[in-house]
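K.L.:
Got a predicted structure here, sequence first:
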Amino acid sequence: MRKLILSMIVLSTVIFIVGCDEKTTEESDLNPHNDTYYQIFVRSFADSDGDGIGDLNGITENLDYLEDFGVTALWLLPINPSPSYHGYDVTDYYGINEDYGTMDDFKNLITEAESRDIRILIDLVINHTSDQHPWYVGAQNPKSAYRDFYIWDNGNAFESFVGGMKDLNLANEEVVLEVKTIMDYYLEMGVHGFRLDAAKHFFDKPGIVGVDLKNTLFINDLNRSITENHPDSYIVSEVFEYSEIIYPDYYIGSDSVYNFFGYKTIKDKVGLGESRSLFVRSFERFYDSIREVDPYFVDAPFLTNHDLDRLASTPGFSTYDSLAKLKLASRILLTLPGSPFIYYGEELGMKGYRDYANDGQNVPGYGVAYDEYRRTPFLWGDSEIETTWFPDAQNDATATLNEQKDDANSLYHTYRTMNHLRLEHVALRYGNDFIPYRDNDTFIQGYIRSYQDENNDQTLLIIHNLSSSDTFDLDFPYEELIYGDLSLAPYESLVVEIDTDLIEDYT
């Protein structure tokens with residue numbers, strides 16, 4: 001029965017996608033959802049007023065850096081008012097956290113970013129609100145109209161996450177209407193789309209069955225609603241799940257889904273060297289499963305984010321050869337299909353990890369820190385804009401941006417080079433194909449990326465050397481050397497253009 005329901009959903013979704021395409025393909029055949037995102041925790045990025053806290057004007061004043069770095073979109077972690085440092089317990093969906101500035105500051109950021117062809121994605125936290133939100137305050141009265149805005153379990157408000165975050169009742173049509181109104185409000189303002197926080201938990205409540213199906217139907221309904229007036233709007237869902245099995249279901253409703261499976265694959269096979277010969281095949285299997293649901297899918301790969309330890313602090317990437325491995329990981333990320341997401345500071349190899357063994361760390365001058373170490377101040381190397389809200393100690397040996405800009409061999413320059421490579425080649429930015437290279441083995445792992453339409457025809461072969469010690473001399477015909485060397489050194493990468501008509505010769 002479930003397969004029949006899913007088939008019906010897929011059919012209606014395909015019709016929906018085709019309808020949207022008819023609104024946009026007159027301007028271009030290129031997918032409006034393909035970008036390179038830079039994820040920003042506003043509190044940590046750049047301080048414009050000297051109070052030690054990052055703010056929206058700090059981002060605006062540093063858009064030149066982001067444009068030069070080669071990103072085309074920003075994902076801002078929650079910017080709404082909140083009683084917590086992280087912002088995931090919203091008290092007002094129509095306001096701006098006063099630490100970050102004003103709504104006029106946000107509108108100005110959108111305008112200035114748009115002038116540089118940089119789009120804005122914001123975190124939309126609708127699984128729950130703060131227990132200080134007026135809806136929840138009103139809901140304390142059993143007769144209040146807001147009572148049914150929340151999930152109640154034996155008289156207590158249900159929490160998927162601890163810390164005063166009370167789950168909204170997304171089965172309530174009044175709540176759904178509020179959510180759609182909020183989304184329209186920001187889309188009209190010029191926001192490109194939304195990252196749906198905790199999408200896996202939307203209907204994961206007491207007594208509810210068929211959770212994943214209900215989640216994706218709900219997301220699909222939101223997507224249909226916002227594309228009526230904003231056909232190029234974008235929804236990327238956070239489904240915190242390492243198993244690949246769950247992802248196709250969520251692509252029924254979402255434009256993209258954060259690829260935690262891909263994150264783990266890179267961490268395990270590149271960082272730890274586990275089953276390296278299966279690296280490309282793992283991604284191929286993952287993409288093929290999604291393609292059955294949405295042939296035009298846009299993946300959302302990443303190397304880490306605000307809920308995970310920094311890559312440079314994870315096993316396998318914190319060893320003597322960490323710089324070479326971090327560079328390799330960046331080249332893999334930025335040659336995969338979809339819209340890659342770069343967490344601020346990853347281009348510097350910033351460190352940060354949560355101390356689960358001691359359930360937090362006592363930080364002098366701050367208090368007990370948990371995820372704060374994963375979200376520490378960006379290392380500009382400029383005291384005028386560097387934030388000071390958290391007295392971090394895990395990044396003492398990490399070179400700042402200013403230092404790395406002066407070092408041609410730095411991680412920063414690898415990221416910047418690959419970002420611009422992606423901008424300049426349609427096969428990297430827009431193609432969603434992923435074809436394994438014929439001679440893949442334990443260390444050589446390659447794939448073909450290709451894109452064709454009436455205006456473009458490009459096919460690239462990307463090969464990575466996952467060995468720590470062996471150099472491989474490659475020999476095959478190609479049209480143009482884009483990046484690297486055919487004498488492929490340890491942890492290095494090669495990008496060449498090949499003849500589209502001869503793809504089969506490489507597979």
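P.N.:
Nice, I can see it. None of the values given here were measured: they were computed from a predicted structure. Residues are numbered from 1 along each chain as shown.

K.L.:
Show me the shaky parts of this protein.
P.N.:
1-28 (pLDDT under 70).

K.L.:
got the domain boundaries for it?
P.N.:
Listed domain ranges for the chain are 128-169, 434-507 (source: automatic domain parsing).

K.L.:
Would you convert the ones you listed into a markdown table that also reports distance to Phe286?
P.N.:
C-beta coordinates here come from the backbone N, C-alpha and C atoms, glycine included. Formatted as a markdown table, the domains of the chain follow (distance: least, C-beta to C-beta, whole Å):
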| stretch | distance to Phe286 |
| --- | --- |
| domain 128-169 | 26 |
| domain 434-507 | 9 |
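
K.L.:
so which of those comes closest to Phe194?
P.N.:
Closest approach to Phe194 among the domains of the chain is made by domain 128-169 (15.3 Å; C-beta to C-beta).

K.L.:
what pairs with the most centrally placed residue in the chain across the strands?
P.N.:
Computing the C-alpha centroid of the chain and ranking residues by C-alpha atoms, centre = their mean puts Phe341 first, at 4.1 Å. Residues in a beta bridge with Phe341, per DSSP bridges, are Tyr37, Phe302.

K.L.:
how about it, what does it touch?
P.N.:
37-39, 75, 258, 300-302, 305 (C-beta atoms under 8 Å, 6 or more residues apart in numbering).

K.L.:
switch to 7 Å and redo it
P.N.:
When contacts are counted by C-beta atoms under 7 Å, 6 or more residues apart in numbering, Phe341 touches 37, 39, 75, 300, 302.

K.L.:
quick one: contacts for Gly207?
P.N.:
Neighbours of Gly207 in contact, by C-beta under 7 Å, 6+ apart: none.

K.L.:
Give the helix, strand or coil label for it.
P.N.:
Following DSSP: H, G, I helix; E, B strand; the rest coil, Gly207 is assigned to coil.

K.L.:
I'd like the domains of the chain laid out as CSV, including mean neighbour count and distance to Tyr88.
P.N.:
Shown next, in CSV, are the domains of the chain (neighbours: other C-beta atoms under 10 Å; distance: least, C-beta to C-beta, whole Å):
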stretch, mean neighbour count, distance to Tyr88
domain 128-169, 16, 7
domain 434-507, 17, 33
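
K.L.:
hmm, back to that, quick one: which of the contacts of Phe341 is nearest to Gly193?
P.N.:
Comparing those against Gly193 with C-beta to C-beta picks out Trp75 as the nearest, at 9.4 Å.

K.L.:
Shouldn't the closest one be within a strand?
P.N.:
Yes. Counting by three-state DSSP, Trp75 falls inside a strand.

K.L.:
Next, the most far-flung residue of the chain relative to its centre: secondary structure please.
P.N.:
Distance from the C-alpha centroid of the chain peaks at Lys143, with 40.8 Å (C-alpha atoms, centre = their mean). Recorded secondary structure, Lys143: coil (three-state DSSP).

K.L.:
Nearest spatial neighbour of Trp380, chain-adjacent residues omitted?
P.N.:
Counting by C-beta to C-beta, 6 or more residues apart in numbering, the nearest residue to Trp380 once its immediate chain neighbours are dropped is Glu386, at 4.8 Å.

K.L.:
my read: the one you found touches Asn395, true?
P.N.:
No. Between Glu386 and Asn395 there is no contact under C-beta atoms under 7 Å: 11.4 Å.

K.L.:
From the chain's centroid, how far away is stretch 491-504?
P.N.:
Relative to its chain's centre, stretch 491-504 lies at 27 Å (C-alpha atoms, centre = their mean, to the nearest Å).

K.L.:
my bad, stretch 100-116
P.N.:
Per C-alpha atoms, centre = their mean, the centroid offset for stretch 100-116 relative to its chain is 21 Å.

K.L.:
Need the residues that contact that stretch.
P.N.:
Contacts for stretch 100-116 (C-beta under 7 Å, 6+ apart): 42, 55-57, 59-60, 63, 67, 74, 79, 96, 120, 189-191.

K.L.:
Of the residues you listed, which pair is most distant in space?
P.N.:
Glu67 and Ile96 (23.4 Å).

K.L.:
Which one of these two is surrounded by more residues?
P.N.:
Shown here are Glu67 and Ile96; by other C-beta atoms under 10 Å, Ile96 has more neighbours (20 against 15).

K.L.:
what residues are up against the more buried one?
P.N.:
With contacts taken as C-beta under 7 Å, 6+ apart, Ile96 has the following neighbours: 79-80, 102-103, 106.

K.L.:
Verify the stated contact: Trp75 with Asp35.
P.N.:
No. Trp75 lies out of contact with Asp35 (C-beta under 7 Å); the separation is 9.8 Å.

K.L.:
neighbours of the nearest residue to Thr72 once chain neighbours are set aside, just the number please.
P.N.:
In this structure, Thr72 finds its nearest non-sequential neighbour in Asp35, 4.4 Å apart by C-beta to C-beta, 6+ apart. For Asp35, the count of nearby residues is 26 (other C-beta under 10 Å).

K.L.:
Quick check: Asp35 touching Gly70?
P.N.:
No. Applying C-beta under 7 Å as the test, Asp35 and Gly70 come out as separate, 11.0 Å apart.

K.L.:
Residues that sit against both of the two, list them.
P.N.:
Here Asp35 and Gly70 share no contacting residue, scored by C-beta under 7 Å, 6+ apart.

K.L.:
Give me the distance between the closest residue to Gly316 other than its chain neighbours and Tyr344.
P.N.:
Setting aside the residues directly before and after it, Gly316 is nearest to Gly271 in space (C-beta to C-beta, 6+ apart), at 2.7 Å. Distance of Gly271 to Tyr344, computed by C-beta to C-beta, to the nearest Å: 21 Å.

K.L.:
Name the residue in these two with the higher neighbour count.
P.N.:
Ranked by neighbour count (other C-beta under 10 Å), Gly271 and Tyr344 place Tyr344 first, with 24 against 21.

K.L.:
I figured that one hits Gln39, correct?
P.N.:
Yes. Between Tyr344 and Gln39 there is a contact at 6.1 Å, judged by C-beta under 7 Å.

K.L.:
check contacts around Thr216.
P.N.:
Shown in contact with Thr216 (C-beta under 7 Å, 6+ apart): 249-250, 252-253.

K.L.:
Look at it and tell me its secondary structure.
P.N.:
helix.

K.L.:
How much space separates it from Phe158?
P.N.:
Per C-beta to C-beta, Thr216 is found 21 Å from Phe158.
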